[in-house]
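Enquirer: What shape does this take:
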Amino acid sequence: MAGSSCVDMDPDVALRLFEEGATLVLLGVPQGTELGIDCKSWQVGPRFRGVKMIPPGLHFLHFCSVNSPSCGGEIGPKSGLFLTLKPREILLAHWDPKEEDLDFSASKNDEEVNRIRSTLRELDPYLGPYPYEVMRKWVSLTDQISQELAVNLQPLSGRVCAFSDIIPELQLRHTKDRAEQPRNDTACQSMREGLDRLPKMKQREGTELRFSDIPKKTYPPGASPAEITRCSMDLSYSLETVLEQNYPDQPLNLLGELQFAFVCFLVGNVYEGFEHWKCLLALLCRSEDAMRKRKELYLGLITVLYHQLGEVPPDFFVDIVSQSNFLTSTLQDFFQFATGPGVDSTLRKKAEKFKAHLTKKFCWDFDADLDDCAPVVVELPEGVTVD
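Expert: Below is the predicted model of the structure:
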């Protein structure tokens, strides 16, 4: 395990982690495999047997298998799993070369775990210490994610994968089934026709992240035109629906889901996590009425965003096609609502301070004329009507 060390760690902290920290014993991981925990990764060396001195709590173990040098040494897609470790816990896994995955079933065998525990001193030189220098960052990115929430959000398969595992919607297991399908012998006349001929695919059951569903309709059933307009400008109805359906007793868990989605993208390379993060953020930032009612949720949101935005370059959110910045337009709405009438003074002050911080750090302009985003009125020629 290249790059592992206890350099600059306080001796008292090192001793406490040595005595109270958890241990991951990972046997048979091929040399060259890219393996990491939380915000740091390494290439596995020939002596690697696992990671020691891991602070108790939530962690994300991730890895990429690597082809042998004779096959080009290419790195595969990243996989990972969230683990909640207890003090002095030993978690044992064996590398499965067929699945290119870690098999943790041995951890259920008390006899084998006890055998490992009794030989831990001999194993110690082969265990890399937890990269304590990333601990503060990791906690700041995940402090709202409970063990229960992580279990509920990660796939039933237990693996967070960078690439979706997709299969055909229509399973043609026999030659006869395939023979009965329409033939595609003729040339396609258009790209659309070509795409339509491709088999319809779906994500393999059990491999999908289990994020909250965000309502496509932003207004209640039977809403009047005025209500539809209001609920389209203020997304509080949609936000309250999400909270009621998913976190009726623990609304701050929505911030945990926001963190979970961000970590899946930032560390796990899961693009779906980024898309869900954007959707959740837009929902939270554009819910004016909710800001007046849910002070703690929005105070927490500012803290979560402060740490998340410290991990990305300033131009990350810019659409290279339109040159528009998703985040500035979303936060512009947030800052406008957060300084509106009826908002708690503590939240207003924290929002103003956060706005000043982002303006200074990223040079983003949150005071651009909002009229630039207003609908454009188009004059139609005389006699022309729109149905």
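
Enquirer: which stretches of the stretch 201-350 of the chain have low pLDDT?
Expert: Applying pLDDT under 70 to the stretch 201-350 of the chain flags residues 201-203, 319-324.

Enquirer: Do you have the strands of it handy? List them.
Expert: For the stretch 201-350 of the chain, the strands defined by DSSP state E, counting those that start in this stretch cover 201-203.

Enquirer: all helices of the stretch 101-250 of the chain, in order?
Expert: Secondary structure of the stretch 101-250 of the chain (DSSP state H, counting those that start in this stretch): helices at 110-118, 120-123, 135-142, 147-153, 175-179, 191-197, 225-233, 236-246.

Enquirer: Looking at this protein, which helix is longest?
Expert: In the chain, with assignment by DSSP state H, the single longest helix is helix 345-362.

Enquirer: Name the residues of that helix that are buried.
Expert: Across helix 345-362, burial judged by 16 or more other Cβ atoms under 10 Å covers Leu347, Lys350, Ala351, Phe354, Lys355, Leu358, Phe362. In this view, the C-beta of every residue, glycine as well, is placed from N, C-alpha and C.

Enquirer: which residues sit in contact with the closest residue to the third one other than its chain neighbours?
Expert: Right, Ala351. Nearest in space to Ala351, with sequence neighbours left out and distances taken as Cβ to Cβ, 6 or more residues apart in numbering, is Ala338 at 3.7 Å. Each residue near Ala338 by Cβ atoms under 8 Å, 6 or more residues apart in numbering is listed here: Met291, Tyr298, Leu347, Arg348, Ala351.

Enquirer: Export those residues as TSV, with columns for distance to Pro56.
Expert: Formatted as TSV, those follow (distance: Cβ to Cβ, whole Å):
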residue	distance to Pro56
Met291	35
Tyr298	30
Leu347	33
Arg348	37
Ala351	34
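
Enquirer: and which of the residues you listed is nearest to Tyr237?
Expert: Distances from Tyr237 to those, taken as Cβ to Cβ, are shortest for Met291 (13.8 Å).

Enquirer: number of nearby residues for that closest one?
Expert: Neighbours of Met291 under the rule other Cβ atoms under 10 Å: 28.

Enquirer: hey, what's Ala22 bridged with?
Expert: Per DSSP bridges, the residues bridged to Ala22 are Ile54.

Enquirer: any idea of the pLDDT on it?
Expert: Ala22 carries a pLDDT value of 96.

Enquirer: That one is in contact with Ser107, isn't it?
Expert: No. Ala22 lies out of contact with Ser107 (Cβ atoms under 8 Å); the separation is 11.7 Å.

Enquirer: shared neighbours, these two?
Expert: Common neighbours of Ala22 and Ser107 (Cβ under 8 Å, 6+ apart) are Ile90, Leu91.

Enquirer: Just the strands from the stretch 1-150 of the chain, written as ranges.
Expert: Using DSSP E, counting those that start in this stretch, strands in the stretch 1-150 of the chain cover 22-27, 34-37, 40-43, 50-54, 57-64, 79-85, 90-96, 101-103, 127-129.

Enquirer: Starting from the second one, tell me which strands it pairs with and how they run.
Expert: In this case it means strand 34-37. strand 40-43 (antiparallel), strand 57-64 (antiparallel).

Enquirer: Dump those strands to JSON lines, plus mean neighbour count.
Expert: Formatted as JSON lines, the strands paired with strand 34-37 follow (neighbours: other Cβ atoms under 10 Å):
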{"stretch": "strand 40-43", "mean neighbour count": "17"}
{"stretch": "strand 57-64", "mean neighbour count": "22"}
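
Enquirer: mind checking which of those is nearest Gly128?
Expert: Across the strands paired with strand 34-37, Gly128 has its closest neighbour in strand 40-43 (7.3 Å, Cβ to Cβ).

Enquirer: how far does that closest one sit from the chain's center?
Expert: Taking Cα atoms, centre = their mean, to the nearest Å, the mean C-alpha location of strand 40-43 is offset from the chain mean by 19 Å.

Enquirer: picking up where we left off before, nearest to Gly273, of the contacts of Ala338?
Expert: Tyr298 (22.2 Å).

Enquirer: count of residues packed around the closest one?
Expert: Look at Tyr298: counted by other Cβ under 10 Å, it has 25 neighbours.

Enquirer: got a list of what it touches?
Expert: Tyr298 sits next to Leu284, Ala290, Met291, Ala338, Leu347, Ala351 when contact means Cβ under 8 Å, 6+ apart.

Enquirer: Same list, those, but as a markdown table with distance to Glu100 please.
Expert: Output for those, formatted as a markdown table (distance: Cβ to Cβ, whole Å):
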| residue | distance to Glu100 |
| --- | --- |
| Leu284 | 38 |
| Ala290 | 44 |
| Met291 | 46 |
| Ala338 | 47 |
| Leu347 | 48 |
| Ala351 | 46 |
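
Enquirer: Show me the two of the residues you listed that sit farthest apart.
Expert: Taking every pair in the contacts of Tyr298 and measuring Cβ to Cβ, the maximum separation is 13.9 Å, between Ala290 and Ala351.

Enquirer: was I right about Val318 contacting Val312?
Expert: No. Val318 is not in contact with Val312 according to Cβ under 8 Å; the separation is 11.2 Å.

Enquirer: check contacts around Pro251.
Expert: When the contact criterion is Cβ under 8 Å, 6+ apart, the partners of Pro251 are Leu243, Arg294, Leu297.

Enquirer: Make JSON lines from the strands paired with strand 34-37 and add distance to Gly50 to it.
Expert: Below are these laid out as JSON lines (distance: least, Cβ to Cβ, whole Å):
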{"stretch": "strand 40-43", "distance to Gly50": "12"}
{"stretch": "strand 57-64", "distance to Gly50": "10"}
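
Enquirer: Mean pLDDT and distance to Ile75 added to the ones you listed, as TSV?
Expert: Output for these, formatted as TSV (pLDDT from 0 to 100; distance: least, Cβ to Cβ, whole Å):
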stretch	mean pLDDT	distance to Ile75
strand 40-43	94	10
strand 57-64	97	5
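
Enquirer: Convert stretch 87-96 to CSV, retaining C-alpha atoms only.
Expert: Extracted as CSV, the C-alpha positions of stretch 87-96 are listed here (Å, rounded to 0.1, in the frame of the first residue of the first chain):
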residue,chain,number,x,y,z
PRO,A,87,-14.3,0.3,18.1
ARG,A,88,-11.8,-2.5,17.9
GLU,A,89,-13.9,-4.3,15.2
ILE,A,90,-12.2,-6.6,12.8
LEU,A,91,-13.9,-7.0,9.4
LEU,A,92,-12.5,-9.7,7.2
ALA,A,93,-12.8,-10.0,3.4
HIS,A,94,-11.2,-12.2,0.7
TRP,A,95,-10.7,-11.0,-2.9
ASP,A,96,-12.9,-12.9,-5.4
